[in-house]
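> can't give you the sequence, but here's the structure:
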């Protein structure tokens, strides 16, 4: 088992160097924890994207020491980032459960690489923003299946008139909205932690003037968990009523 764990640890970092995101994920336990003093993370849905971000930032990763005993592996790396001139020496303590990586503990002095490391750990914010924009791009193109792939099963839609809960109710209304929209222009975008804010000018097929909307989106595990609409729809009430009269069925 010890040799198998060591092989898994090395395979994980080999996949990281080659950019094989799926293979990296197969090495991680669903309840994996990543620990360092600045950016602790819990759960595969949070650790895996950051591992991908780390992979993209690394130019070269050289293993200079490897040790294993029982359910633990210790690797020592010299990591050269694309944006750094000198390598970073790291020690990584990995705990295993059932042959999968259950905990990754980083020991390193990143003081001379703080900018690149901060950028790596801001990946989740960027990823959520990209998902939000991809959701609305799919809405504009009428790609119903792709829209659904970004929604959490427990997604909630909130506005004062038509609150909805559950993917089976939100998804069909999103499709109805998609059919009603002639053009959707993003005029503002912001992200922080697990939230994204988008500002849109929405032109409906049946309207002459665009509707300015602000959409606050909350994310869970990289999926849209809540969509909150802020807008004055008084001049577009007919088309909006028609959108929300769409049968709420999958």
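Great, that's in hand. Note that the structure is predicted; figures quoted are calculated from it, not measured.
> and the helix-or-strand element of the chain with minimal mean pLDDT, how far out from the chain middle?
For the chain, using mean pLDDT, DSSP states H and E, the weakest element among its helices and strands is helix 123-141, scoring a mean of 83. Chain-centre distance of helix 123-141: 9 Å, with Cα atoms, centre = their mean, to the nearest Å.
> quick one: average pLDDT of the following helix or strand past that helix?
Following the chain from helix 123-141 toward its C-terminal end, the next helix or strand by DSSP states H and E is helix 144-149. What helix 144-149 shows for mean pLDDT is 89.
> what's in contact with the helix or strand just after helix 144-149?
Later in the chain than helix 144-149, the nearest helix or strand by DSSP H and E is strand 151-158. With contacts defined as Cβ atoms under 8 Å, 6 or more residues apart in numbering, strand 151-158 is touched by 135, 163-167, 169-171, 173-174, 220-221, 223-229. Glycine gets a C-beta too; all of them are placed from N, C-alpha and C.
> among those, which are in helices?
135, 167, 169-171, 173-174 (DSSP state H).
> gap between the residue positioned nearest the centre of the chain and residue 23?
Centroid check for the chain by Cα atoms, centre = their mean gives residue 222 as the closest residue, at 3.6 Å. Distance of residue 222 to residue 23, computed by Cβ to Cβ, to the nearest Å: 19 Å.
> quick check: beta-bridge partners of residue 189?
For residue 189, the beta-bridge assignment (DSSP bridges) gives partners residue 198.
> one step back: can you tell me which of the contacts of strand 151-158 are buried?
Neighbour-count burial (16 or more other Cβ atoms under 10 Å) applied to those gives 135, 164, 166-167, 169-171, 173-174, 223-229.
> out of those residues, the closest to residue 29 would be?
Residue 29 lies nearest to residue 223 out of the buried ones among the contacts of strand 151-158, by Cβ to Cβ, at 20.2 Å.
> the strands in this structure, which residues?
Listed in chain order, the strands of the chain (DSSP state E) span 28-35, 41-42, 58-69, 72-81, 88-97, 100-107, 151-158, 164-165, 181-192, 195-204, 211-220, 223-230.
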